[in-house]
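**Q** curious how this folds, go ahead:
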Amino acid sequence: MRILKPLIAILASGYILMYYSEILFWARIRPTDSLSDWLMTWLVYSFLAFAFLTVTSRFRVATLWALFLAGAVFGWLAEGLIVQTAYESLPLSISFTGLAWHALISVWFGWYAVRRALSAGLGSTMILSAAAGLAYGLWAISWWLEPDGGQSPALEFAFFSLLTGLLLALAYWLYDRSMPASFTPGRAAQIAAALPFLLYFIFVTVPAAPLAAMILPVLFFLVYLALRRNRQIERQAEMLFSSRASFPAWRYLCLLALPVTASLFYASAYALGLQWRTNWILYLVTTPAGFVVFIISYIRILRRKPHFLDIPRAGM
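**A** The predicted structure follows:
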């Protein structure tokens with residue numbers, strides 16, 4: 001059980017991150033998709049989730065600013081190492097999608113804000129989920145106008161959204177009931193997890209995108225400096241565990257307001273034949289927002305001074 005419960009929490013966290021990073025992004029079943037591809041993607045995101053949770057715990061992430069930097073690590077691992085989109089349209093690609101989508105949407109919203117809403121109560125969960133569903137529906141119809149997109153029938157979109165939404169509710173429920181009171185992977189586990197990333201970077205990432213050899217280590221080093229400072233001054237409980245609560249399992253079903261709202265909007269847009277390039281709105285808002293929030297987070301952590309009560313006394 002000591003190994004099983006953390007493993008379940010990591011797999012659940014992997015699905016949560018995959019849901020907001022991949023499922024919401026593509027918003028449909030593509031012709032090339034298969035069950036084995038989705039399972040492999042889930043395993044990759046679970047591996048990324050382990051790295052993210054380790055960073056969150058190791059550097060005592062307890063504020064939104066530190067959480068965004070941990071989210072940046074997750075985002076740049078996904079977009080700068082696993083795939084190489086972070087180097088396609090520099091410098092904007094540094095933000096979109098590593099910061100603009102993964103850190104802002106997947107981590108700040110999906111991994112943290114939704115869990116806080118679940119803890120706050122039924123009303124908060126319903127409102128947040130419905131708002132996210134509307135945003136999801138707006139994003140989904142933008143694929144109708146993309147060369148590599150497609151217009152899925154309304155019923156197909158509803159089935160896809162509801163099925164993945166049910167799995168999301170299950171993932172949150174499993175995470176809250178499986179995450180141990182202290183998530184502290186040993187040094188051997190951390191090295192074992194870091195080694196595949198390093199080998200992949202050397203033999204896959206750099207040959208595919210040589211600029212990665214110069215850019216990615218610098219980005220990670222900058223984040224490390226700030227998070228090391230955070231670990232030195234932070235005395236609060238890690239955010240990893242701050243939203244853990246015991247509440248009825250049925251409350252997680254309120255998260256279905258997300259796919260239901262998205263499906264209703266999508267069906268209405270489908271019937272009306274709307275042709276909106278809503279993706280450009282998201283690009284124009286989140287791409288600069290990713291840079292701005294990163295800079296603010298960095299400055300807030302580096303300029304933060306420990307409270308005098310946090311300073312260890314001599315001889316202790």
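**Q** where along this structure do the helices fall?
**A** 4-18, 24-26, 35-58, 64-76, 114-120, 122-140, 154-178, 187-200, 206-208, 212-233, 239-242, 257-272, 278-303 (DSSP state H).
**Q** show me where pLDDT drops low in the stretch 1-150 of the chain?
**A** Scanning the stretch 1-150 of the chain for pLDDT under 70 picks out 1.
**Q** at 80 instead, please
**A** 1-2, 148-149 (pLDDT under 80).
**Q** just to revisit the earlier point, okay, the helices of the chain in CSV with distance to residue 250 and mean neighbour count next?
**A** C-beta here means a position set from N, CA and C on the backbone, and glycine is covered the same way. Compiled in CSV, the helices of the chain are given as follows (distance: least, C-beta to C-beta, whole Å; neighbours: other C-beta atoms under 10 Å):
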stretch, distance to residue 250, mean neighbour count
helix 4-18, 18, 21
helix 24-26, 24, 18
helix 35-58, 25, 18
helix 64-76, 28, 25
helix 114-120, 12, 19
helix 122-140, 9, 19
helix 154-178, 10, 18
helix 187-200, 35, 12
helix 206-208, 46, 13
helix 212-233, 37, 16
helix 239-242, 23, 19
helix 257-272, 13, 19
helix 278-303, 32, 16
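**Q** which of those helices sits closest to residue 93?
**A** helix 278-303 (9.1 Å; C-beta to C-beta).
**Q** quick one: mean pLDDT over that closest one.
**A** Averaged across helix 278-303, the pLDDT comes to 95.
**Q** counting contacts, what elements does it pack onto?
**A** Helix 278-303 makes packing contacts with helix 64-76, helix 122-140, helix 212-233 when contacts are defined by 3 or more C-beta pairs under 8 Å, 6 or more residues apart in numbering; DSSP states H and E.
**Q** would you list the ones you listed in TSV and tack on distance to residue 274?
**A** Below are the helices and strands packed on helix 278-303 laid out as TSV (distance: least, C-beta to C-beta, whole Å):
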stretch	distance to residue 274
helix 64-76	30
helix 122-140	10
helix 212-233	38
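**Q** count of neighbours near residue 90?
**A** For residue 90, the tally of surrounding residues (other C-beta atoms under 10 Å) stands at 10.
**Q** excluding chain neighbours, what is closest to it?
**A** Leaving aside its chain neighbours, residue 90 sits nearest to residue 211 (7.6 Å; criterion: C-beta to C-beta, 6 or more residues apart in numbering).
**Q** likewise residue 232?
**A** residue 306 (7.7 Å).
**Q** follow-up on the earlier one: nearest to residue 248, of the helices of the chain?
**A** Comparison of the helices of the chain against residue 248 by C-beta to C-beta identifies helix 122-140 as nearest, at 9.4 Å.
**Q** which other residues reach that closest one?
**A** By C-beta atoms under 8 Å, 6 or more residues apart in numbering, the surrounding residues in contact with helix 122-140 are 24, 27-28, 109, 113-114, 116-118, 157, 161, 251, 254-266, 269, 276, 278-279, 281-282.
**Q** what inclination does that helix have with respect to helix 154-178?
**A** In terms of direction (axes from the mean of the first three to the mean of the last three C-alpha atoms, to 10 degrees), helix 122-140 departs from helix 154-178 by 140 degrees.
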